[in-house]
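K.L.:
Can you look at this prediction? I've put the sequence above it.
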Amino acid sequence: MNEYVLRTRRLTKKYKNQLALDDVSLNIRRGSIYGFIGQNGAGKSTLMKLATGMAFPTSGTIELFGESGEKELVRARRRMGIAIEQPALFPQLTAKENLEIHRLQRGIPGMEGIKKTLELVGLEGTGMKKARNFSLGMKQRLALAVALLGDPEFLVLDEPTNGLDPVGVVEMRDLLRRLNREIGITILISSHILSELHLLATHYGIIHKGRLLEELTLDELQRKCRQYIRIKVDSPQRAAAVLERELATTEFEVLPDGTIQLFEHLEHPSRVSGALAEAGLAIEQFMPMGEALESYFTKRIGGEA
Ligand SMILES: Nc1ncnc2c1ncn2[C@@H]1O[C@H](COP(=O)(O)OP(=O)(O)OP(=O)(O)O)[C@@H](O)[C@H]1O
């Protein structure tokens, strides 16, 4: 079985004068939840449209389930569920009727799938309620249900949490996690808020002005957003010696300006400050720090802007 569900190589899309995607080589592993992060206009939807065949690349290649030929791509796309832009939801119809229309349009056999899909997204109890009376969260879940018709192996979701309140975001996150863990669906999900995808996505791709700046795993992201104690003393060299000798740690860094970042003993800051004070060091600054996810993202795109 192919290890990757989607890979692009040097994918580029130009709209007249606008370079929407610039040389993007992205890799989505089977079984992963790939969080695609970028500001508005960064190129997230464009990549999704190219991957799903809703638009055509200017140059570069797309490989889906290991296939990249034209005919093979068409076939591979049947294994995908797509929610990009609002799907055609009929406001005067119920959830079940909406799904039935999409099922018929796409030639998916059998009514049983609809009941199962409604249960999956938690809309089975909506009965005769019409879609126009749904909350935004319910509408988003109905859009997800449309994407789930036909039992896709790979879901492509463009900002499914956009506009949801915090409870709606958590519900959507739980639902997607379940689809991934229990049914094994690979998910590509975009957002302009990194923290919204945190602890959901197993992999991250950061896109800015059409360029993929970085791909990283959840582990790597967490390491980069590591918590530490920021220490400023009159003699960083002596402080470093105290940390090594008295606190038996080498998990620290002395920055060029003399500030120390200590990655251990976060639980016992007083032990650290006590050891430094006892060695006669004057402590000018002693602060627990941690780069929040959002600031990592801002810094990352800021550095490449
Ligand atoms: N059909 C189009 N014609 C011309 N320019 C386009 C078209 N579609 C997208 N663009 C431009 O390409 C760039 C990338 O847009 P895209 O929609 O992919 O960004 P995005 O990251 O999905 O942002 P958003 O969250 O706002 O949708 C933007 O500058 C946008 O204006």
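P.N.:
Received it, and whenever you're ready, just let me know what you need.

K.L.:
how near is residue 195 to the ligand?
P.N.:
According to CB to the nearest ligand atom, to the nearest Å, residue 195 and the ligand sit 16 Å apart. From N, CA and C alone the C-beta is placed, and that goes for glycine too.

K.L.:
and that residue, what element?
P.N.:
Residue 195 is part of helix 194-197 when elements are defined by DSSP states H and E.

K.L.:
average model confidence for that helix?
P.N.:
For helix 194-197, mean pLDDT rounds to 81.

K.L.:
Tell me the strands beside the following helix or strand past it, with direction?
P.N.:
For helix 194-197, the following helix or strand on the C-terminal side (DSSP H and E) is strand 203-208. Here strand 203-208 has these sheet partners by DSSP bridges: strand 33-37 (parallel), strand 211-217 (antiparallel).

K.L.:
Among those, single out whichever gets nearest to the ligand.
P.N.:
In terms of CB to the nearest ligand atom, the element of those nearest to the ligand is strand 33-37, at 8.5 Å.

K.L.:
who's in contact with the very next helix or strand once past the closest one?
P.N.:
Later in the chain than strand 33-37, the nearest helix or strand by DSSP H and E is helix 44-52. The contact list for helix 44-52, computed with CB atoms under 8 Å, 6 or more residues apart in numbering, reads 6, 8, 11, 13, 20-21, 24, 26, 36, 38, 54-57, 62, 64, 77, 80, 82, 84-85, 156, 158-159, 188, 190, 207, 210.

K.L.:
For the next helix or strand after helix 44-52, which outside residues touch it?
P.N.:
For helix 44-52, the following helix or strand on the C-terminal side (DSSP H and E) is strand 59-64. Contacts to strand 59-64, defined as CB under 8 Å, 6+ apart, come from residues 4-12, 23-24, 50-51, 68, 72-73, 76-77, 79-80, 154.

K.L.:
Name the residues of strand 59-64 that are buried.
P.N.:
60, 62-64 (16 or more other CB atoms under 10 Å).

K.L.:
okay if I get those residues as JSON lines plus distance to residue 89 and pLDDT?
P.N.:
Output for these, formatted as JSON lines (distance: CB to CB, whole Å; pLDDT from 0 to 100):
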{"residue": "60", "distance to residue 89": "33", "pLDDT": "97"}
{"residue": "62", "distance to residue 89": "28", "pLDDT": "97"}
{"residue": "63", "distance to residue 89": "32", "pLDDT": "97"}
{"residue": "64", "distance to residue 89": "27", "pLDDT": "97"}
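
K.L.:
hmm, back to that, now, which of the contacts of helix 44-52 lie close to the ligand?
P.N.:
With CB under 6 Å from any ligand atom as the criterion, the subset of those in contact with the ligand comprises 20, 38.

K.L.:
Could the C-alpha coordinates of the helix holding residue 195 be exported in PDB?
P.N.:
Output of helix 194-197 as PDB, limited to C-alpha atoms (Å, rounded to 0.1, in the frame of the first residue of the first chain):
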ATOM      1  CA  LEU A 194      -2.800  27.100  14.300                       C
ATOM      2  CA  SER A 195      -4.100  26.600  17.800                       C
ATOM      3  CA  GLU A 196      -7.400  25.400  16.500                       C
ATOM      4  CA  LEU A 197      -5.700  22.400  14.900                       C
END
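
K.L.:
And the buried ones among the contacts of strand 59-64, selectable in ChimeraX?
P.N.:
The ChimeraX selection below is limited to those of those classed as buried (16+ other CB under 10 Å):
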select :4,5,6,7,8,11,12,24,50,51,73,76,77,80,154
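
K.L.:
Filter the contacts of strand 59-64 down to the ones in strands?
P.N.:
Using DSSP state E, the members of those that fall in strands are 4-12, 23-24, 80, 154.

K.L.:
how about those in JSON lines, adding distance to residue 265 and pLDDT?
P.N.:
Output for the ones in strands among the contacts of strand 59-64, formatted as JSON lines (distance: CB to CB, whole Å; pLDDT from 0 to 100):
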{"residue": "4", "distance to residue 265": "41", "pLDDT": "96"}
{"residue": "5", "distance to residue 265": "42", "pLDDT": "97"}
{"residue": "6", "distance to residue 265": "43", "pLDDT": "98"}
{"residue": "7", "distance to residue 265": "42", "pLDDT": "98"}
{"residue": "8", "distance to residue 265": "44", "pLDDT": "98"}
{"residue": "9", "distance to residue 265": "45", "pLDDT": "97"}
{"residue": "10", "distance to residue 265": "46", "pLDDT": "97"}
{"residue": "11", "distance to residue 265": "46", "pLDDT": "98"}
{"residue": "12", "distance to residue 265": "48", "pLDDT": "97"}
{"residue": "23", "distance to residue 265": "44", "pLDDT": "96"}
{"residue": "24", "distance to residue 265": "42", "pLDDT": "98"}
{"residue": "80", "distance to residue 265": "48", "pLDDT": "95"}
{"residue": "154", "distance to residue 265": "44", "pLDDT": "97"}
